Every structure is written in C-alpha cells, then in structure tokens.
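Novice: Quick one, structure for this:
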Amino acid sequence: MIALADKDSVIQWTHAVLGYEFKDQSLCLAALTHRSASATHNERLEFLGDSVLNCAVAQLLFQTHPDADEGALSRLRASLVSGDTLAQIAAEHQLGDYLRLGSGELKSGGYRRASILADALEALIGAVMLDSGFDPAAAVVRRLILARLSALPEAASLKDAKTRLQEALQAQAMPLPTYSLTAVEGESHAQVFAVACEVNPLNLRTAGEGVSRRRAEQIAADRMLALLPASVRKPA
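Specialist: Okay, here's the model as predicted:
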C-alpha cells in the first residue's frame, strides 16, 4: 500500500472538505483505499455511498424543485450523481492526494483517474453513513453538491439527444426517426460504430460514430437536431 498523505493529514482533509469528523477513523481510511492497495478496500463502502448519495440528492431535489415532475427530477438527479460530476468534485478538493493505492495504480496515474476519484467520494459518503447514520451523510452530500445544486440547468436541457429529437418530431405529428448501423470497425476490444439517422418526411440524414452503437446514435441525433427547421424544433 502506498499512502499519498499521512493519516493525520487525511483526517484533517476529510474534516475540512466534508465538514465531518469521524469517530471511527478506520472507516475514513478504508474509504480512501483502492483495491490495488489492500484486501480491505473501499468497494463495499462505495456501494453503500452510492445508495445514500442517490437518496440524499433525491430528497434535496424534491425540496428545492416543488413543481418538477418525476422525469425532470430523475434527469436532474442523474446530472448531479453522474461519475463525471463526482470526479470533478473530487478533483476540485484534491481527493487524489489522499488516496491509498497500490504501486501499479500509482505509477499509472490512478490518483487522477476519474473512476477512482468518483468511487472514493462515494465510499466516503458510505463511511459517514456507517459512522453516524443517514442524516450526517446527507449533510455531507449537501455540502459537496450545494454549488452545483444552485446552478442546475432546466431539466428539459438534460434530456439526451434521441429523446429531444423524438419529442420534437412527435410534437409536429411526424413519424419517429430511423437509426441504422452502417459500419463497425476495429478490433473487438476497441470497436467504432457508425450509425445513420434519417427523418424521411424532411429528407434529412445524419451520421454519427462512437465507441458503442448507443453513443453513435446519440451523436447522429444531436446532429439531426441541428438540421431541423426552426418550426420543427419549437414545441407545439
């Protein structure tokens, strides 16, 4: 195991960032321990923290968006609890400097890897839950996401491109777009998918490429949205 910071520094950092002081400091250390470093690692705490995070964020959104329906709340929550968002929050607080990693992960830059940072942040939330219960863990979640909670975009803007395209066409009583796989290139472990999106009534066609068919379809749909006449893009 390689600790990037000593125990006292870790405890001070968690107190400053989370606004929480652990009664059982071993939970805090375990939350920051990657599986490459020890058999006692943070994956179980990450599992718990993920559930606490989703519940705490759902509660916050329910309180702060009283007029939002279930779909809007779900999209807002997904934005706040995504791996990218969690990794950004972790990086902003220099969480990587306090990880406990195996030598291989350290050499490969694991302390900067988004997935490791996001997982460790969730594990810290799970550790607080075990140490003191849900309410203190929810308070930590609120502290971590408060800035992003107050700067959330409109829920409608968080819809994926395929959904927005479908809704735009349905609002004009037009048939749904069609997607077709046009090519798959590369080795099995590094394939690139090419997809075409067509809106036949408008005689429009776009293409998209991605590491998965789903990703390629989203890119093609996003390009189609840009091509739609303004009269179609506007809600009915």
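Novice: Domain ranges for this structure, per the record?
Specialist: Using automatic domain parsing, the domains assigned to the chain come out as 2-153, 159-233.
Novice: Just say which of the ones you listed is most tucked in.
Specialist: domain 2-153 (a mean of 18; mean count of other CB atoms under 10 Å). To be clear about C-beta, it is placed using only N, CA and C from the backbone, and glycine gets the same treatment.
Novice: For my notes, please list the domains of the chain in JSON lines and give mean pLDDT for each entry.
Specialist: Converted to JSON lines, those look like this (pLDDT from 0 to 100):
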{"stretch": "domain 2-153", "mean pLDDT": "91"}
{"stretch": "domain 159-233", "mean pLDDT": "90"}
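Novice: list the contacts for Y179?
Specialist: Y179 is in contact with V195, A196, C197, E198, E217, A220, counting by CB atoms under 8 Å, 6 or more residues apart in numbering.
Novice: for the last one, helix, strand, or coil?
Specialist: Going back to what we said before, that points to A220. helix (DSSP: H, G, I helix; E, B strand; the rest coil).
Novice: Let me know whether it touches E198 as I believe.
Specialist: No - using CB atoms under 8 Å, A220 is not in contact with E198; the gap is 9.2 Å.
Novice: how near is the residue nearest to the spatial centre of the chain to I145?
Specialist: Nearest residue to the geometric centre of the chain (CA atoms, centre = their mean): S82, 1.2 Å. Here the criterion is CB to CB, to the nearest Å. By it, S82 lies 11 Å from I145.
Novice: residues in contact with stretch 47-66?
Specialist: Contacts for stretch 47-66 (CB under 8 Å, 6+ apart): 31, 68, 72-73, 76-77, 80-81, 121-127, 129-130, 134, 137-138, 141-142, 145, 149, 155.
Novice: List the contacts of H15.
Specialist: H15 makes contact with E21, according to CB under 8 Å, 6+ apart.
Novice: ok, it to A91 distance?
Specialist: H15 is 19 Å from A91, by CB to CB.
Novice: same thing with S79?
Specialist: 17 Å.
Novice: ranges for the strands of this structure?
Specialist: Using DSSP state E, the strands assigned to the chain run over residues 2-3, 100-101, 178-185, 192-199, 204-210.
Novice: export the lengthiest helix in the chain as PDB, just CAs?
Specialist: If you go by DSSP state H, the chain has its longest helix at helix 43-64. Extracted in PDB, the C-alpha atoms of helix 43-64 (Å, rounded to 0.1, in the frame of the first residue of the first chain):
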ATOM      1  CA  GLU A  43     -15.700  -1.100  -2.800                       C
ATOM      2  CA  ARG A  44     -18.400  -2.100  -0.200                       C
ATOM      3  CA  LEU A  45     -18.400   1.500   1.200                       C
ATOM      4  CA  GLU A  46     -18.700   2.700  -2.400                       C
ATOM      5  CA  PHE A  47     -21.800   0.500  -2.800                       C
ATOM      6  CA  LEU A  48     -23.400   2.000   0.300                       C
ATOM      7  CA  GLY A  49     -22.400   5.500  -0.500                       C
ATOM      8  CA  ASP A  50     -23.900   5.300  -4.000                       C
ATOM      9  CA  SER A  51     -27.300   4.500  -2.400                       C
ATOM     10  CA  VAL A  52     -27.000   7.200   0.200                       C
ATOM     11  CA  LEU A  53     -26.000   9.700  -2.400                       C
ATOM     12  CA  ASN A  54     -29.000   9.000  -4.700                       C
ATOM     13  CA  CYS A  55     -31.400   9.200  -1.800                       C
ATOM     14  CA  ALA A  56     -29.900  12.400  -0.400                       C
ATOM     15  CA  VAL A  57     -29.900  14.100  -3.700                       C
ATOM     16  CA  ALA A  58     -33.400  12.900  -4.500                       C
ATOM     17  CA  GLN A  59     -34.600  14.400  -1.200                       C
ATOM     18  CA  LEU A  60     -32.800  17.700  -1.900                       C
ATOM     19  CA  LEU A  61     -34.300  18.000  -5.400                       C
ATOM     20  CA  PHE A  62     -37.800  17.100  -4.000                       C
ATOM     21  CA  GLN A  63     -37.400  20.000  -1.600                       C
ATOM     22  CA  THR A  64     -35.900  22.600  -4.000                       C
END
